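Visitor: how would this look folded up:
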Amino acid sequence: MKRNSLATPADVPQPAAFANANMFGAAPRDIDVPRLWKVLVRRRVLFFSIVVGVVALVAILTLLKHKSYTTGVKMIAGNTSATANTQAADTSLPVLNALLSASGVQSSETYAELLHESPIANEVISRLGLKTTPEDLLHHVAIKPITNTAIIGVDVSWNNPEDSAKIANTFASVFVDHERGLVAHQADSAISFLQTQIPLAEQKMRGAQNALRSYEQQYGIADLPTQMTAQLTQAAALDAKASQANMDGRMASAQLASVQSQLAATPRTIVGQSSVAANPVAQQLAQQIAQAQANLDAARKQYTESHPTVIAGERQLAALQSQAAKQSATVISGTQSVPNPLWQQLSQQAATLRAQVQSSSSQATTARAQRGAMQSNVTALPERQQRIASLQRDAKAAEDVYNTLEKKYADASLSSTTALSDVTITQPADPTFARVTPNLPLNIGAALLVGLILGLGAVFGLEFLDDRFRTEEDVKERLGVPVLASIPALGLGAGSKSADGNSDNNTDAWLDAMAVESYLELVTALRYSSSTAPRSIAITSPHKGDGKSTIAVNIAVSMAQLNARVLIIDADLRRPTIHTKLDLTNNAGLSDVLVGIATFADAVRPSGHEGVWTLTAGTRAPNPLALIQGEAFDRLLRMARDEFDFVIIDAPALEPIIDGAVLGMKADGTVLVISAARTDGRAANVALEKLGSVGSLNLIGVVLNRTKPERRAYSEYYLGAGKTVSLPA
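Guide: All right, here's what the predicted structure looks like:
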């Protein structure tokens, strides 16, 4: 055990040194690294329990949670150059031109939004035969467009790496086909219309040619004059132009109807992104669980497991944990809608087709007007020439319409069969490089870090809230009062076991020896606390139960072993205990002497320890404070000093009465007993304030009782072969 450095005359301050304000006030607490280390060592069980608990909990949850494997596929979206887009758009189909021209100017974010559409997920489910819904599947898919690039990443999390890679690659393939289908769909709608119009045009052309041939054979006409031919040719060209414009308008109208049907089934906006936040209810429940756990731990320290407070705390903690288990870790805090790029493209196409319908109608109207203006010239031709010219014109117009439809059909078929997607897979998903979650080593490392932080926070937070004294350094720093000695708690070794399971008698002997040594150190400090040793010493404490009576008896026994005659006076007239500790009767004592019922000589009796006498409290008095404040107590104290070398006064505790402070004022010196791990700073400061309120009082110092010496203090020095002195409990 560490010897008290204040136990010599040179080190112990004189009584006058305690007359300042610092004597009764708390000194500042300087927290340094050695002190923090001591706190951590003292509360190491709590610290390691928290660290191990957090790590174990995270490890168990990690092992119980199903593993998820994440693989990713990368795609590049959009045409690689503007030139390619221009060339691809150079077709005779306006709708197809508009779609191909627009496909190269979309950002990767646009394609990412298209990937979130349900048709893509439905097609993936269909191809792979997955038993899930599009919404559930999309929850396992993360679309990550890389900013300022045309690259899109698709990550899929699944319960095995092979299926994860298969789903990711299928997502990419389906999206590539989907983009190709958007291009081919416009050509397909044109093909459907042309397939119905070409047979009609061919039939009309054949009829016109047959009519011309029959008329020529009937009238033997071989040729027409050049002028007539030119006029008729011009008229035929106008008729063909009107027919062509009319045909273009009808085809555009058919395509417009197809686009409008798609537009009606396409939503204007889609969900752009959703933000996920921590569930505030789960966080609040976590805080309540931590508070409930702390309250339960505190209750268990004070009561047994069957105590109502402990049972209520356990039920409250279980209820909170049950509620927390039902909460999800995160919630969707908001969503953002963005324009649907497919709807925008279709709207653009519809506008283009409407313009084409109007343009074709305008061209047909103009051609018919011009043809009407030529009608007078044609009417002037001979009737037969007019007839043959009309037949030639009809045949030429029908042939031109048929040839045009055939060319358009060939263009549309080529576009449909050779349609290219503007999305290319650059890196397929590989199950070999799947990322596994949860990651046990990573989670254990994070849990260890969190556990260390929580453990340190709990230890130092509890230390900050725990204002009780534990070491001599605590008393010196916070009270500014010298510590005369630290007395170990008697009986700490009882029931301790050695390695073979038997009682460790060496530990008991060590503690007894340390207690004797501590009391001898205390007696030495008391005798040399000033130039003149105090002969009457009052022993008090902040609370009852701090062990002041036991300290008083053992001080008297230790002084008697140094060949001194010692008297113990039980001045605690409200709750006397000295007669019980010494196994004496309490028939006549201090109160009887003070009121004159008994004499001092008759009331003083041997205590059972050599050199130690006692004056018990005596008959219970109605007003103890009036008795100890009177002149009779002063006369008794003078008689005691004359007959004995030392007088030890067991004074009452200072809270809530002031009897102890009055007795301290009458004695030569006062000792304040503080119980380690029990007395807090508030109680100690209140006690010091009461001692300082009675005027001239010599506070010799503080005795820190019931300390727990560290194992390293175990020394063969305390286990010598000499006889061990027994001290009263």
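Visitor: could you pull out the helices for the stretch 551-700 of the chain?
Guide: 578-581, 590-594, 600-603, 624-629, 631-643, 659-666, 681-692 (DSSP state H, counting those that start in this stretch).
Visitor: go on, the stretch 1-150 of the chain?
Guide: 33-42, 44-64, 82-88, 94-103, 108-115, 118-128, 134-139.
Visitor: ok, which of those comes nearest residue 431?
Guide: helix 118-128 (14.7 Å; C-beta to C-beta). C-beta here means a position set from N, CA and C on the backbone, and glycine is covered the same way.
Visitor: residue 586: neighbouring residues, count only.
Guide: Other residues within reach of residue 586, judged by other C-beta atoms under 10 Å, total 18.
Visitor: how far away is it from residue 607?
Guide: Here residue 586 is placed at a distance of 13 Å from residue 607 (C-beta to C-beta, to the nearest Å).
Visitor: convert the C-alpha atoms of stretch 629-644 to PDB, please.
Guide: The C-alpha trace of stretch 629-644 is given here as PDB (Å, rounded to 0.1, in the frame of the first residue of the first chain):
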ATOM      1  CA  GLN A 629     -23.000  22.400  24.200                       C
ATOM      2  CA  GLY A 630     -23.300  22.900  28.000                       C
ATOM      3  CA  GLU A 631     -20.500  23.500  30.500                       C
ATOM      4  CA  ALA A 632     -21.000  20.000  31.900                       C
ATOM      5  CA  PHE A 633     -19.500  18.500  28.700                       C
ATOM      6  CA  ASP A 634     -16.500  20.900  28.900                       C
ATOM      7  CA  ARG A 635     -15.800  19.800  32.500                       C
ATOM      8  CA  LEU A 636     -16.200  16.100  31.600                       C
ATOM      9  CA  LEU A 637     -13.700  16.600  28.700                       C
ATOM     10  CA  ARG A 638     -11.200  18.300  31.000                       C
ATOM     11  CA  MET A 639     -11.400  15.400  33.500                       C
ATOM     12  CA  ALA A 640     -10.900  12.900  30.700                       C
ATOM     13  CA  ARG A 641      -7.800  14.800  29.500                       C
ATOM     14  CA  ASP A 642      -6.400  14.800  33.000                       C
ATOM     15  CA  GLU A 643      -6.900  11.000  33.500                       C
ATOM     16  CA  PHE A 644      -6.100   9.700  30.000                       C
END
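Visitor: ok, for residue 559, nearest residue in space, not its chain neighbours?
Guide: Spatial nearest neighbour of residue 559, excluding adjacent residues (C-beta to C-beta, 6 or more residues apart in numbering): residue 566 at 4.8 Å.
Visitor: what pairs with the one you found across the strands?
Guide: Beta bridges link residue 566 to residue 612, residue 646, judged by DSSP bridges.
Visitor: looks like residue 625 contacts residue 661 (just checking).
Guide: No: taking C-beta atoms under 8 Å as the definition, residue 625 is not a contact partner of residue 661, at 10.5 Å.
Visitor: on that earlier part again, select, out of the helices of the stretch 551-700 of the chain, the one closest to residue 398.
Guide: helix 681-692 (112.7 Å).
Visitor: now for that closest one, which elements pack on it?
Guide: If contacts are counted by 3 or more C-beta pairs under 8 Å, 6 or more residues apart in numbering; DSSP states H and E, helix 681-692 sits against helix 472-479, helix 659-666, strand 669-675.
Visitor: hang on, the earlier thing: and residue 625 and residue 661? Which one has more around it.
Guide: Counted by other C-beta under 10 Å, residue 625 and residue 661 do not tie: residue 661 has more neighbours, with 23 against 15.
Visitor: so the residue nearest to residue 559 touches residue 612, yeah?
Guide: Yes: the criterion here is C-beta under 8 Å, and residue 566 meets it with residue 612 at 5.2 Å.
Visitor: please identify every residue contacting each of the two.
Guide: Here residue 566 and residue 612 have 556, 557, 560 as joint contacts, going by C-beta atoms under 8 Å, 6 or more residues apart in numbering.
Visitor: most neighbours, which of these?
Guide: residue 556 (32 neighbours).
Visitor: any idea how far residue 663 is from it?
Guide: From residue 556 across to residue 663, the span is 16 Å (C-beta to C-beta).
Visitor: next: residue 552.
Guide: Taking C-beta to C-beta, one finds residue 552 at 12 Å from residue 663.
Visitor: kindly report the same for residue 257.
Guide: Distance from residue 257 to residue 663, counting by C-beta to C-beta: 111 Å.
Visitor: go on, residue 562?
Guide: 24 Å.
Visitor: okay, the two: which has more neighbours?
Guide: residue 663 (27 against 14).
Visitor: could you pull out the strands for the stretch 101-250 of the chain?
Guide: Per DSSP state E, counting those that start in this stretch, the stretch 101-250 of the chain carries strands over the ranges 141-145, 151-158.
Visitor: need those in TSV (columns: mean neighbour count and distance to residue 76).
Guide: Shown next, in TSV, are the strands of the stretch 101-250 of the chain (neighbours: other C-beta atoms under 10 Å; distance: least, C-beta to C-beta, whole Å):
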stretch	mean neighbour count	distance to residue 76
strand 141-145	17	11
strand 151-158	21	6
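Visitor: residues contacting the residue nearest to residue 559?
Guide: Neighbour list for residue 566: 556, 557, 559, 560, 611, 612, 613, 644, 645, 646, 647, 648 [criterion: C-beta under 8 Å, 6+ apart].
Visitor: again, only this time at 6 Å
Guide: 556, 559, 560, 612, 646 (C-beta atoms under 6 Å, 6 or more residues apart in numbering).
Visitor: before we move on, back to that, weakest of the helices of the stretch 551-700 of the chain in terms of mean pLDDT?
Guide: Note on those: lowest mean pLDDT is at helix 681-692, with a mean of 87.
Visitor: in that one, what counts as buried?
Guide: Going by neighbour count (16 or more other C-beta atoms under 10 Å), the buried part of helix 681-692 is 681, 683, 684, 685, 686, 687, 688, 690, 691, 692.
Visitor: next: stretch 630-641.
Guide: For stretch 630-641, the neighbour count (16+ other C-beta under 10 Å) marks 633, 636, 637, 639, 640 as buried.
Visitor: again, but for stretch 521-534
Guide: Buried residues in stretch 521-534 (16+ other C-beta under 10 Å): 521, 522, 523, 524, 525, 526, 527, 528, 529, 530, 534.
Visitor: make a markdown table out of the residues you listed and add distance to residue 472.
Guide: Below are the buried residues of stretch 521-534 laid out as a markdown table (distance: C-beta to C-beta, whole Å):
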| residue | distance to residue 472 |
| --- | --- |
| 521 | 12 |
| 522 | 13 |
| 523 | 18 |
| 524 | 16 |
| 525 | 12 |
| 526 | 17 |
| 527 | 20 |
| 528 | 18 |
| 529 | 16 |
| 530 | 21 |
| 534 | 21 |
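Visitor: in helices only, show me these.
Guide: Using DSSP state H, the members of the buried residues of stretch 521-534 that fall in helices are 521, 522, 523, 524, 525, 526, 527.
Visitor: ranking the helices and strands packed on helix 681-692 by burial, who's on top?
Guide: Comparing these by mean neighbour count (mean count of other C-beta atoms under 10 Å), strand 669-675 ranks first with a mean of 26.
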